[in-house]
Every structure is written in C-alpha cells, then in structure tokens.
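Novice: Build the 3D model from these lines:
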Amino acid sequence: MSTLLDILRIFAATAVLLGHTNFHWFFGGSEIGPKNGQDYVIIFFVLSGFVIAWSIDKKKKLTFSQYTFDRLTRLWSVALPALVIGIAFDLWGKSLNPETYQQIFASSYLETKVIISSLFLHECWFFSVRPGSNGPFWSLSYEFLYYMIFGSIMLLPTMKRKLTGGLLWILVAGPKILLLFPCWLIGCLAYYGCKSFRINFFLATLLVLLTGYFLITTMTDRWLHWSPWGYEGLGNPPLFYSAKYWDDYTIAGAVALFLFSMNYWFSLEKNSNGLLTRMIRKWANCSFSLYAIHFPIMAFIGALWASGSLIQLGYLTGIMVVLGICLLFAIVFELPLRKYRSMLIRIFPILKYKCGIRS
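Specialist: As a prediction, the model looks like this:
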C-alpha cells in the first residue's frame, strides 16, 4: 500500500506544480497544467489522514509528546526554510520585475505574516494569510491543526485530556479549517477499513472501476475546463479555500474508497523493495518540498524571464529548472530529517530526559 500512496503523492504534487504553470508570468503561461489545483490538495489531505492513522496504529507505544515532536519536525524541516528562501526569492524577483508580483505578493506586514505562517496559524478562523507569493502554503495550516486535533484524541492518556486537548485545538482552528476536516478524517477511515476488512476480488474490481472512472472523468474535465468563478466565495472571505467543501467531500470520498478497494492488490502488510519501488519512494519523499517551495521559485524564474535575463529558456526547460531547484531543496532540508531530529535532541537534551522523545 505504501507504494500506491507514494505514487499518488508524486502525482498530486506534480499536478499542483503544473497547474501553476498556467499563470501568464511563467513564460507566457500554458494550457498544459490543470485548471483546478485544489482537488490535488484534497488528495493530499486523504493521504495524510491515511498515513497518520497508520503510523499511530503501528507505533503501539507512541506518546503524544513523541507524536508532536515528529509532526512538528516533519513540517518545520521543510516549511521554515521554504518561508525564508521563498521570501528571499520574492524580494529579489520583485526588484527585477515588479509586474510579475502585482497579484501574488503583498509586502505589508511581511514579518508578521512569516511568523504566523511558521506557527501554522495563518488560516485559523476567518483569516487567510499568504506568506509572500507562496499561496500553496495555505494547506499546511490545515494539515498541522488536523494533526493536533487527531493526535490529542488518539494519544492523550485520559478521556478528560483527550476532550480538553481536542477541543482546544478545534477552537484554535475555527470553522473554516474544520469544514475540510472530513476530507482528512475519511483518509483515516480508509486506513481502518483496509486494516479491518479484505473485500473479495469482484467487489474490489467493481469499486476500483467505479471510483477510478469517477475520478478520471471528473478530474480530466477539470484539468481542461474549470473556473473558480463557478464556486461562489472560493479564495475570498469568509471561507477562502474551504468554500467548495461539498465538492471536496465528493473527491475525498472517491479517493478514500479507491484506496480501500485497492487494498485487495496493495495490502497494508505487503512490502516491496525492488528498484522501481525504491525510486518511487525517493521521489515521493521529495514531494513535500516540491509543494512547499515551487511557487516562489516559479515566480522568481518568471520575473527573470520577464526582465529579459532568461530569454534562452522556454516553458518546458523552465519547468525542469523549477523541479531541479526543488529537488536540491529536498536533498538539503527534507531527506536528512532523521539527522535534524538527532541534532535537536543533542542540542536540547531535555527533550529526551524530560519528555522521553527519541529521534
């Protein structure tokens, strides 16, 4: 099952990147990418819920402290450098060609926006803070708060603490983020369904065909013909990215049912370690970096192109440059996560001796 999840992560991250190549400031724009990128973020939510439920269930002695440390270091190892480097690219690119950043960058209260975003509170309640040009950063606030709500309920030791912790994080999140929580939770349900039930070949095939047909036809149509104007309030207050929640529930439900049915062929217990599987895993392990940093890099390269500094590059070579920089970013910040965790514990030994945290 992990290989299937990795393939879907790569697909979703790549689709989000290609969707953003449609902007006119990126080598004049193109029609290659999908018109609707949010569907692929919803896929990430389902996959995230599935993986977190699997991780908690597999680690029988996992504590809430260890879980929080693991989740925060996983997010911060990519998010913090993405914020700093992204803002640096924005300021540099804006100095080269301000027109590129007219609609995607607001310099007011920039330091405050970065601080709030680094704490993953930038989408709480009815706020929607964009750190520089990095619009895709919105989903990290949702992810973090889903982690904390679910982790509190699953891992805190007593019912009183579970309820107190869960309600506290629910209050921090606010209604806008909670509107898309079912998309994340249905990923958890898909995991528990895969663990508890093994459907027969006929039913698995039928469900794969039905959900696969629905997802392919729906998302192909949206890849080619879609407009955010068809969803009232999408991207605007008060709901911003949560405005089309009923539609997102449909996509999330189909993805979760697809994962459940694919369990017949890709079971949780089945482990594969072939060359192709290892390559897929390596690329999937870079998908968070690709998602978190690609937009500021694209905007910067677009500014270079518009200023006449990159006239020798074209649309496809521009995409390859973005992918190359994202891969380098992942090699430096995402892939060495275990080393960074060990380093933190050595610098702050209290994490180990008082909190019982291991790297």
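
Novice: Any stretches of this protein with poor pLDDT?
Specialist: Counting by pLDDT under 70, the chain shows low-confidence ranges at 227-233.

Novice: what about the nearest residue to residue 263 once chain neighbours are set aside, distance to residue 84?
Specialist: Taking CB to CB, 6 or more residues apart in numbering, and ignoring the residues beside it in sequence, residue 263 has residue 194 as its nearest neighbour in space, at 4.1 Å. Any C-beta I mention is one placed from the backbone N, CA and C, and that applies to glycine too. As for residue 194, its distance to residue 84 is 39 Å (criterion: CB to CB, to the nearest Å).

Novice: same check, this time on residue 25
Specialist: For residue 25, the distance to residue 84 equals 23 Å [CB to CB].

Novice: what's the answer for residue 348, then?
Specialist: Distance, residue 348 to residue 84, using CB to CB: 21 Å.

Novice: okay, residue 25 and residue 84: which has more neighbours?
Specialist: Neighbours were tallied for residue 25 and for residue 84 using other CB atoms under 10 Å; the higher tally belongs to residue 25 (21 against 12).

Novice: sorry, back to before: let's verify the residue nearest to residue 263: helix, strand, or coil?
Specialist: Under the three-state scheme (DSSP: H, G, I helix; E, B strand; the rest coil), the conformation of residue 194 reads as helix.

Novice: That one and residue 259 touch, don't they?
Specialist: Yes. Contact status for residue 194 versus residue 259: in contact at 7.0 Å, counting by CB atoms under 8 Å.

Novice: Could you name every residue contacting both of the two?
Specialist: Listed as contacting both residue 194 and residue 259 by CB atoms under 8 Å, 6 or more residues apart in numbering are residue 1.

Novice: Show me the residue sitting in the middle of this protein in space.
Specialist: Nearest to the geometric centre of the chain sits residue 44, at 5.4 Å (CA atoms, centre = their mean).

Novice: Find the nearest non-adjacent residue to that one, please.
Specialist: residue 12 (5.5 Å).

Novice: Could you pull up the residues touching that neighbour?
Specialist: Residues in contact with residue 12 (CB under 8 Å, 6+ apart) are 40, 41, 43, 44, 47, 287.
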